[in-house]
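Engineer: Structure for this input, please:
(3 chains)
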Amino acid sequence: MKKTNITNYKKESWIGLLYITPWIIGFLVFTMYPIVASFYLSFTDYDLLNAPIMVGIDNFKKIFGDKEFLKALGVTGKYVFIVVPLKLAFSLFVAFILNMSLKGINFFRTAYYIPSILGSNVAIAILWKFIFSTDGLVNQVLAVMNIAPVSWFGQPTPALFTIALLRVWEFGSTMVIFLAALKEVPGDLYEAASVDGSNKFRNFFNITIPIITPVIFFNFIMQLIHAFQEFNAPYLVTSGGPMKGTYLLPMLIYDHTFKYYNMGYASAMSWILFIIIMTFTLITFRSSKYWVFYNDNGGES
Amino acid sequence: MSELEIREAAEYKRQRKNKIRKHTKTLGLYMILVVVAIFMMYPIIWLVGASFKSNADIFTSIWFMPKAFDFAPYIQGWKTGTEYTMGHYFINTFEIVIPKVIFTVISVTLTSYGFARFNFPFKKICFAILIGTLLLPNIILRIPSYMMWRTFGLLDTYVPLVLPSLFAVDAFFVFMLIQFLRSIPKDLDESAKIDGCSTIKTLLYILVPVLKPAIISVGLFTFMWTMNDFMGPLIFISSVEKYPLTIALKMSMDATGGAFDWNKVIAMSLLGLIPSILVFFSAQKYFIEGISTSGIKG
Amino acid sequence: MKKVLAMSLATCLLASSMVGCAGNKPDPAAETKSAEPAVQAEEPKKEEAPEEVELRISWWGGDDRHVPTLDAIKKFEELNPHIKVKSEYGGWDGHTEKINTQIAGNTATDIIQVNYDWLNRLSREGNGFYDLEKLSETIKLDNYTEGDLAFGRRNGILNAIPVSTTGRSIFYNKTTFDKFGAALPTTWDELLASAEKFSEKGYYPFDLDNGAGFTTWYMVLAYMQQKTGRNYINEDGTLGFTEADIKEGLEFYKLLEDKKVIRTVEERTNEAGTTPLYQTPSWIDGRVAGVLEWGSSVGKYEQPLVEKGQELVLGELPILTDAKMTGWFVKPSLMFAINKDTKYPEESAKLLDFLLNDPEAAVILGTSRGIPSSKAAVEALKSADMLKGIAFDATQQILGANPTLISPFTENAKLKEIYTRTVENVSYGKGTIEEIAKTMHAELTAELANLTK
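Structural biologist: Numbering: from 1, shown residues only, chains lettered A, B, ... in the order given. As a prediction, this is how the structure comes out:
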């Protein structure tokens, strides 16, 4: 970038803007209105029936004394903490294995992606229950190992864990992104390394990981955002129970919108959630200069 | 035996051992792959079985094998309890999915190229907004977007579901491709520039081939996530005639009322999975091709 | 900083537009306009009927409701060639979201199938829907008792007509009871003692599904209404139960758990998360042998048992010997209302009357929306011999028991949430019953005040 002279820069800048024009139009025409609307609604009392009534910052004041909100926030934090590292580690590991040139690897790649294709299929809720119910698969395995059965759905923390596992199990998309990134690692780097006699796993940490840090960074941010916005998994499997132990913030927001019809309040909660996610995202972005290695000569984003 | 011979024999033994170790290693790897694959695939195997079961058997057995094979659920499920057959809903779904995939791939590639490779005024702010659009829970945006599309007079059409993708509104993909682009050495396009390539040519002929796995994933995800989207069409589409598969699948399920046959629902949801599985299976060869051999030099 | 400025500017612009959206101005045109092209293509263009009309009707249900309803509507269209009916129907999943979005956007259909508790929200003052008495020349209201119609009145205005009434009844898995040589309980005491014969581990004579049906609270409600003679919620929407009533009711619940009549919430949840009971192995394999359920939807409990060769029978409603009232209750299982902004009230009324009261339609529709309340419809079904089965027996039983009409507030989402949480607290032992009852009383009072203010 320093190579380019000023005239070039000016010319390029217009080209750059030209390329992102679709997005700018899309944002202004389709995305902005709902976002700004929800921002406006967060200062109102809106029951989806009568026109919204301006209430100033009342909603926000109320939130910080709302036990349900604080509880849900705690549970959400716990969930994020469990699911993000587990899912990232697992999908990176599997992507590494599936990147090997073994016979029949195509089949395995598809097989491992199937849980993600299922999405929120009816079958998942049913099967998850077979696995974790009182005399389900997991408890039977535990019994063989002489471990007392766990009350998976019956107690809050184990229940949260089953939800997290469901999401880890649907690791396919994250894995595919890693896989695509691994494909970008130039093969000759490995060749050079194998001449040096270093083994595969050391290569993985010394060569592969640094090269794909931009994608690790991406997956980390996206998993963070998705985990904070998780709704379907607990909705399908536990409905937020027992004792609200899996009642995540988006579920509370949903209930306030479509069950209690406090859309103003729900919007305010969404914006608090927005700020929380933004804080984490910003921290990650700030930290990225220490551990993310770009290959574009520091072309800034 | 001379010392040398002993040493040679030992060396031979060691090599053999290594070979065996290598084989057992591969074998072990396969065993792990297979075991994990069973865990991953069992649900779909179970689903196939369940489509032949009675309600009582579906909810009481984790074992996939049905007592008998009767294709009635498939036939009845295909007919549906609505005015249209499942085939109709399949076509509707593709009418949404196919343009959306094409639009998304094109618009996202262009936008991410702009972000990743150029400097322009307000770039930082634009990028912040781009990421910012990801941070609000969708639930809260549903009603305002409904209002918006009502104002446009485009409710009960596929426009709200498809048109925005022409404008790279899916920030997830834009961000993803930006990250991929940034892991590609910039010298690659610099050299193209020296060869006199315009920016668009650089993108099409130099970067897109390198980015292929990532671009394919964008298309893949768009395809599969749109196939699975329930809430979007539910809110924007009100005519049964225009329903996509996801909604049609749930048409027979009424938790508040009497009993309904799960096997029909399961049978049809299985059919609904087939396009995604096929698309994934055929797309993944592009991940293998990759560019690992094309040799990008730094 | 600039961003904030821009945001607030946009907000101001928005404030005005949002009010416009959510105002009460009718705007069905927005939706019908976009729907028209597709529909017109199907329309026969032959005759020039001047008052060609398109009605929209929405309902939720399963195939067993969609198919007959579509058939009945087809029949209606044959009889009224100038009226074209567009059906917008779907499963239960997501239906509330859809309806609420449509209502927020003033794009709801002309005829709407509504749930009992929706009325309170959508028409608190009675002006949220079309006043059906204005259409009484077309809708034959004399098919209904004043008690039935009362369900649909808000502020004295007839907003909706109940399609059918239903009450909670008790059903037993006779096969399991026979297995243990146990008699079906007929009184509360017998119910409390019923577990004694259930000698095998893991077998229970009864179940109260806390997650999906809020059944636990309904059971407590019936018991305490009998005991005290007070309504749980009074007609004016205030709480009828005292704190002591609630405490006693919860103690009764705890007793059921302690006597192993039912499983604890943890045991039940642990089996299957929040899956409804009828989808769990315990029910299907007959290990829990009794359930409290709306007569209109008992079919889903019965079907898997029949598949497994077991028999579900209607039990007797337990009533205290010194009961001050029956305690058992009914509600309309479904209602139909007409959009207050409809362009075609006459035609909508015509369709509604056809679906509710026409003998021919009644036979087509059968019991797909429960046992009809309409006299004409019941007559038609009787002569076609279509009224039988456990759901019909249950409806007969409850209607013959002089039931209470439950307050529409009973099923309010926020209150349901309180029931679930309270019962969980009792079952998991989070605090003494006295404390829990106190909290519940305070919460119910506050929420009801909020709902009626």
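Engineer: secondary structure class for residue 154?
Structural biologist: As the question left the chain open, I've gone with chain A. Residue A:154 falls in the coil class when you classify it by DSSP: H, G, I helix; E, B strand; the rest coil.
Engineer: that's the other chain; I wanted chain B
Structural biologist: Going by three-state DSSP: residue B:154 is coil.
Engineer: At which residues are the strands of the stretch 1-150 of chain A located?
Structural biologist: A:44-45, A:53-54 (DSSP state E, counting those that start in this stretch).
Engineer: Among these, show me which one is buried the most.
Structural biologist: Ranked by mean neighbour count under mean count of other Cβ atoms under 10 Å in any protein chain shown, these are led by strand A:44-45, which reaches a mean of 19. (Glycine included, C-beta is placed from N, CA and C.)
Engineer: now for that one, which elements pack on it?
Structural biologist: With contacts defined as 3 or more Cβ pairs under 8 Å, 6 or more residues apart in numbering or on different chains; DSSP states H and E, strand A:44-45 has these neighbours: strand A:53-54, helix A:58-63, helix A:263-291.
Engineer: highest average neighbour count across the ones you listed?
Structural biologist: Across these, the average number of neighbours (mean count of other Cβ under 10 Å) peaks for helix A:263-291, which reaches a mean of 19.
Engineer: Check whether that one comes near chain B.
Structural biologist: Yes. On the criterion Cβ under 8 Å from any Cβ of the partner chain, helix A:263-291 is in touch with chain B at A:263, A:266, A:267, A:270, A:271, A:273, A:274, A:277, A:278, A:281.
Engineer: ok, those vs residue A:51, which is closest?
Structural biologist: Minimum distance to residue A:51 across these is 12.0 Å, recorded for residue A:263 (Cβ to Cβ).
Engineer: Tell me which residue of chain A lies closest to chain C.
Structural biologist: residue A:154 (3.3 Å; Cβ to the nearest Cβ).
Engineer: Helix, strand or coil: sort out whatever residue of the stretch 151-300 of chain A ends up closest to chain B for me.
Structural biologist: As assessed by Cβ to the nearest Cβ, chain B sits closest to residue A:183 within the stretch 151-300 of chain A, at 3.2 Å. At residue A:183 the chain is in helix, as set by three-state DSSP.
Engineer: What residues does the residue lying closest to residue C:205 once chain neighbours are set aside make contact with?
Structural biologist: Once flanking residues are discounted, residue C:205 sits nearest to residue C:194: 4.1 Å by Cβ to Cβ, 6 or more residues apart in numbering or on different chains. For residue C:194, the contact set (Cβ atoms under 8 Å, 6 or more residues apart in numbering or on different chains) comprises C:182, C:185, C:205, C:206, C:261, C:290.
Engineer: 7 Å instead, please
Structural biologist: With contact taken as Cβ atoms under 7 Å, 6 or more residues apart in numbering or on different chains, residue C:194 is in contact with C:182, C:185, C:205, C:206, C:261.
Engineer: State the helix or strand in which the most centrally placed residue in chain C lies.
Structural biologist: With distances taken as Cα atoms, centre = their mean, residue C:333 lies nearest the centre of chain C, 4.5 Å away. Residue C:333 belongs to strand C:329-338 when assigned by DSSP states H and E.
Engineer: Tell me if that strand is near chain A.
Structural biologist: No. Under the criterion of Cβ under 7 Å from any Cβ of the partner chain, chain A is not reached by strand C:329-338; the shortest gap measures 14.4 Å.
Engineer: so what strands line up beside that strand?
Structural biologist: In the sheet, strand C:329-338 lines up against strand C:111-114 (antiparallel), strand C:160-173 (antiparallel), strand C:404-405 (parallel) (DSSP bridges).
Engineer: Now do that strand: everything it contacts.
Structural biologist: C:110-114, C:116, C:129-130, C:132, C:151-152, C:159-167, C:222, C:294, C:296, C:345, C:348-349, C:352, C:356, C:369-370, C:398-399, C:403-406.
Engineer: Next secondary structure element downstream of it?
Structural biologist: helix C:345-357.
Engineer: buried stuff in that following helix?
Structural biologist: The neighbour-count check on helix C:345-357 (16 or more other Cβ atoms under 10 Å in any protein chain shown) flags C:345, C:347, C:348, C:349, C:350, C:351, C:352, C:353, C:354, C:355, C:356, C:357 as buried.
Engineer: and the gap between the fourth one and residue C:80?
Structural biologist: What it means is residue C:349. For residue C:349, the distance to residue C:80 (Cβ to Cβ, to the nearest Å) stands at 12 Å.
Engineer: Give me the number of neighbouring residues for the residue nearest to residue C:236 when sequence neighbours are not counted.
Structural biologist: Excluding the flanking residues, the one nearest residue C:236 by Cβ to Cβ, 6+ apart is residue C:452, at 7.3 Å. When neighbours are counted by other Cβ atoms under 10 Å in any protein chain shown, residue C:452 registers 13.
Engineer: got it, and residue A:21?
Structural biologist: Number of residues near residue A:21 (other Cβ under 10 Å) recorded here: 16.
Engineer: How much space separates it from residue B:167?
Structural biologist: Counting by Cβ to Cβ, the gap from residue A:21 to residue B:167 is 9 Å.
Engineer: Residue C:390 now?
Structural biologist: In this view, residue C:390 and residue B:167 are 56 Å apart by Cβ to Cβ.
Engineer: Check residue B:114 too.
Structural biologist: 13 Å.
Engineer: what's the distance between the helix or strand harbouring residue C:98 and the middle of its chain?
Structural biologist: Using DSSP H and E, residue C:98 maps to helix C:95-104. Distance, stretch centre to chain centre, for helix C:95-104: 17 Å (Cα atoms, centre = their mean, to the nearest Å).
Engineer: next one: stretch A:81-93
Structural biologist: Computed by Cα atoms, centre = their mean, the chain-centroid distance of stretch A:81-93 equals 10 Å.
Engineer: Average pLDDT for it, rounded please.
Structural biologist: Mean pLDDT, computed over stretch A:81-93, is 95.
Engineer: ok, and what's touching that stretch?
Structural biologist: Stretch A:81-93 is touched from outside by A:161, A:164, A:167-168, A:171, A:174-175, A:178, A:219-220, A:223-224, A:227, with contacts defined as Cβ under 7 Å, 6+ apart.
Engineer: Out of those, name the ones that lie in helices.
Structural biologist: A:161, A:164, A:167, A:168, A:174, A:175, A:178, A:219, A:220, A:223, A:224, A:227 (DSSP state H).
Engineer: Neighbours of the fourth one, how many?
Structural biologist: For residue A:168, the number of neighbouring residues by other Cβ under 10 Å comes to 20.
Engineer: okay, the residue nearest the centre of chain A: pLDDT?
Structural biologist: In chain A, the centroid-proximal residue (Cα atoms, centre = their mean) is residue A:223; its distance is 2.2 Å. Residue A:223 is assigned a pLDDT of 96 by the prediction.
Engineer: quick one: contacts for it?
Structural biologist: Listed by Cβ under 7 Å, 6+ apart, the contact set of residue A:223 reads A:84, A:87, A:88, A:174.
Engineer: And those residues, which two are furthest apart?
Structural biologist: Once Cβ to Cβ is applied, those give A:84 and A:174 as the farthest pair, at 10.3 Å.
Engineer: Mind putting the contacts of residue C:194 into CSV with secondary structure?
Structural biologist: Putting these into CSV (three-state DSSP) gives the following:
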residue, secondary structure
C:182, coil
C:185, coil
C:205, coil
C:206, coil
C:261, coil
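Engineer: Tell me the residues of the stretch 51-200 of chain B that contact chain C?
Structural biologist: Residues of the stretch 51-200 of chain B found near chain C (Cβ under 7 Å from any Cβ) are B:54-56, B:59-60, B:81-83, B:142-143, B:146-147, B:150, B:153-157.
Engineer: re earlier: what separates the residue of the stretch 151-300 of chain A closest to chain B from residue A:95, distance-wise?
Structural biologist: The gap separating residue A:183 from residue A:95 is 10 Å, by Cβ to Cβ.
Engineer: Kindly list the longest helix within the chain.
Structural biologist: Went with chain A since none was named. In chain A, taking DSSP H as the definition, the longest helix is helix A:67-98.
Engineer: ah, no, chain B please
Structural biologist: Every helix in chain B considered (DSSP H), the longest is helix B:3-50.
Engineer: Alright, that wraps it up for me.
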